[in-house]
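K.L.:
quick one, structure for this:
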Amino acid sequence: MRSVFLSVVALWGGALLLAGCASTGPAQAPDADQALFVREVEPFSVFDSTGRPYDLPFQGGFNVPRPQFADMDNDGDLDMFVQEESGRVIHFENTGTAADPRYTWRTSAWAGLDTGEWYRIVDLDRDGDMDVLTEERFSYIRFYENVGTKERPSFVVAIDTLLDATGTPIFADRQNIPHIVDIDCDGLLDLFIGRVTGTITRYESVGDDENGIPRFRFVTDRWEDIEIVGENVSLHGANTMNFADVDLDGDLDLFWGDFFEPGLLLVRNLGSCASPSLRSEPVSWPMNDPVATSGYNAPVLLDEDGDGDLDMVFGVLGGAFNANATTRDNYYLMRQDGNGNFTAETKRYLNDLDAGSESVIKFWDMDDDGDMDMIVGNKIEPSNQKTSLMFVFENTGSATAPSFRYKDTWDLISTYHQNPAIADLDADGDLDFLIGKWNKEMAYWRNDGSASDPSFTEVSSVYTALTRGQNAAPALADLDGDGDLDLVAGEASGSLNYWVNNGTSQAPQFELVSDTWLDIDIGRRSFPTFADIDADGDLDLIVGSELDGLYLYENTGTAQAAVFESRGMMDIDTQAIAAPEFVDIDGDGDLDLFIGGISGGILFYRNTTY
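P.N.:
Numbering: from 1, shown residues only. Modelled structure (predicted):
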């Protein structure tokens, strides 16, 4: 698969700067809250450890992908929709063909729909175009009707809570993903809702109410007497299901993913289309080689390659079998060979730069060749859960046209949440590391090599530490203009800590000034960084947060006497646990923005102010 790059515009402070306008005078530095950023998913090439280019390097990663496919533009191929976060769905248009799909990222908030914890794309009103069912908080069913066309859908809330035939709201456990299909070929849609008891509730459509809204008749709480119990444990759990005629015998079979089931279960339909019978024993799927993950798998069956048989794509949401192990390899394509056998073709159906979970990104010129190289770190390494890792990518392009290739993997201190601040701490002309850890500590690793050939030595495993809390996130900058580096660190509580350097640039001595610096409290998980984003010669402060994105504090003082004034939240779309990094990656004289986040990938925003 290959993706095509697409951009969206992001603004700071709601102020729009028009690109490409003629100017009658010299360019002016932008205000700190008026820079124009454009999101790009494939701005330049990035190659993995095998030398393969990432299809969508800056898509942002997946931890809990919930996929669905539908021909939403009526062009004869299936577009892809993935829910990764609560409340919204990512849309990828198929710009290839039905037999050779190629996905183009379009938006991370498809149609502006508030999807809650789940969604289903289905023609609910049977008018020939696709509607959407979503969770209505908490545990009910919202119906978005498509009032547009097959080619250009447009959705409105037809009803915020689907009702049964008696007018009672239909309850759907929010941790379970229901399904809707005509199971008995009578032309009426059936609604199936999995329960945490492992049973399935069935409703059947009885037509529309006076407002044209479909209503459903309750049929049973124990459809086909199915009761799914987790493998080797007498436990029921969160679940998801899908129906498809996988054996091509003319009726629909049931696929079930469960929190307490490491793989997928198949319940074969031993009846017919008009008279289904799903009382067969659930079996692990595929029968030729059952798949095993961390559990709670969300299946979709489709003819992915246009060869006339069904393949499967499923997301791993992470259940009872160590969810940390599947924060990276969690989006499977199972290809059918035509004889009913399925093989895992890939565990990363959308191949993007994904470090696992809670990624951080840093840039430095590690080989002193004049361009910026890249480090991507994670919270816990899925393949070695005793530590986190830093992945080093060398810029094999240039300062104006970057291209990154995987070079090395570092585990300097074998701890979780390795978060480096990179700067010349001893003023010897090369760059050193101050590494924040999952606890309150920060370790100092000195570069005893050179600017072009770094070699790191641990000076202190506890060079300095937070006074409280966890998740030290350090940033180094000269905040008082005295020629040496001062230290600010974020933490789990959302406050900032400030140490002034009362030593020298060669021998720093950090003395704590405040552990509630500037009275900043962004809620939880503060990630500070400094950048002169308004090009006025002093450093501004940007703080990433757990839930609210990026906060901007403009320096309205000077480089020698900083005064940081709040400008509120930046109008930049981020993931949870947003970790920002500013760098002029394209050499055009302004600072571009990279953001790590909870899903383990990286978002990129190009600065197009001028």
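
K.L.:
next, the buried residues of stretch 245-257.
P.N.:
Within stretch 245-257, the residues that count as buried by 16 or more other C-beta atoms under 10 Å are 246, 251-257. Just so you know, the C-beta spots here come from the backbone N, C-alpha and C atoms, and that holds for glycine as well.

K.L.:
with pLDDT and secondary structure as extra columns, can I get these in CSV?
P.N.:
Formatted as CSV, the buried residues of stretch 245-257 follow (pLDDT from 0 to 100; DSSP: H, G, I helix; E, B strand; the rest coil):
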residue, pLDDT, secondary structure
Val246, 92, coil
Asp251, 96, coil
Leu252, 97, coil
Asp253, 97, strand
Leu254, 97, strand
Phe255, 97, strand
Trp256, 96, strand
Gly257, 96, strand
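
K.L.:
determine which two of those residues are furthest apart.
P.N.:
Asp251 and Gly257 (20.8 Å; C-beta to C-beta).

K.L.:
nearest to Ala421 among the buried residues of stretch 245-257?
P.N.:
Sorting those by how near they are to Ala421, with C-beta to C-beta, puts Gly257 at the top with 41.2 Å.

K.L.:
for Gly600, see how far away Thr240 is.
P.N.:
From Thr240 over to Gly600 the distance is 22 Å, taken as C-beta to C-beta, to the nearest Å.

K.L.:
now do Asp164
P.N.:
Counting by C-beta to C-beta, the gap from Asp164 to Gly600 is 41 Å.

K.L.:
OK, contacts around Val64?
P.N.:
Residues near Val64 by C-beta atoms under 8 Å, 6 or more residues apart in numbering: 84, 315-318, 330.

K.L.:
can I get those residues in TSV including secondary structure?
P.N.:
Converted to TSV, the contacts of Val64 look like this (DSSP: H, G, I helix; E, B strand; the rest coil):
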residue	secondary structure
Glu84	strand
Gly315	strand
Val316	strand
Leu317	coil
Gly318	coil
Asn330	coil
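
K.L.:
closest one of these to Ala427?
P.N.:
Out of the contacts of Val64, the member with the shortest distance to Ala427 (by C-beta to C-beta) is Glu84, at 43.4 Å.

K.L.:
so where is this protein shaky, pLDDT-wise?
P.N.:
Low-confidence segments of the chain, defined by pLDDT under 70, span residues 1-35, 230-234.

K.L.:
let's see that with 50 instead.
P.N.:
Within the chain, the ranges that satisfy pLDDT under 50 run 1-28.

K.L.:
in it, which residue is closest to the centre?
P.N.:
What sits nearest the mean C-alpha location of the chain, by C-alpha atoms, centre = their mean, is Ser599, with 3.7 Å.

K.L.:
that one - that's part of a helix, no?
P.N.:
No: if the criterion is three-state DSSP, then Ser599 is coil and not within a helix.

K.L.:
look up how far Asp352 lies from it.
P.N.:
10 Å.

K.L.:
residues shared between the contacts of these two?
P.N.:
Counting by C-beta under 8 Å, 6+ apart, the shared contacts of Ser599 and Asp352 are 60-62.

K.L.:
from these, pick the one nearest Ser154.
P.N.:
Of all those, Gly60 has the smallest distance to Ser154: 26.1 Å, by C-beta to C-beta.

K.L.:
would a markdown table of the shared contacts of Ser599 and Asp352 with distance to Ala109 and secondary structure be doable?
P.N.:
Below are the shared contacts of Ser599 and Asp352 laid out as a markdown table (distance: C-beta to C-beta, whole Å; DSSP: H, G, I helix; E, B strand; the rest coil):
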| residue | distance to Ala109 | secondary structure |
| --- | --- | --- |
| Gly60 | 12 | coil |
| Gly61 | 17 | coil |
| Phe62 | 16 | coil |
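
K.L.:
which of the residues you listed lies closest to Met334?
P.N.:
Among the shared contacts of Ser599 and Asp352, Phe62 lies closest to Met334 (C-beta to C-beta), at 16.8 Å.

K.L.:
got the contact list for the closest one?
P.N.:
If you count contacts by C-beta under 8 Å, 6+ apart, Phe62 has them with 82, 84, 315, 330-331, 350, 352, 354, 599-601.
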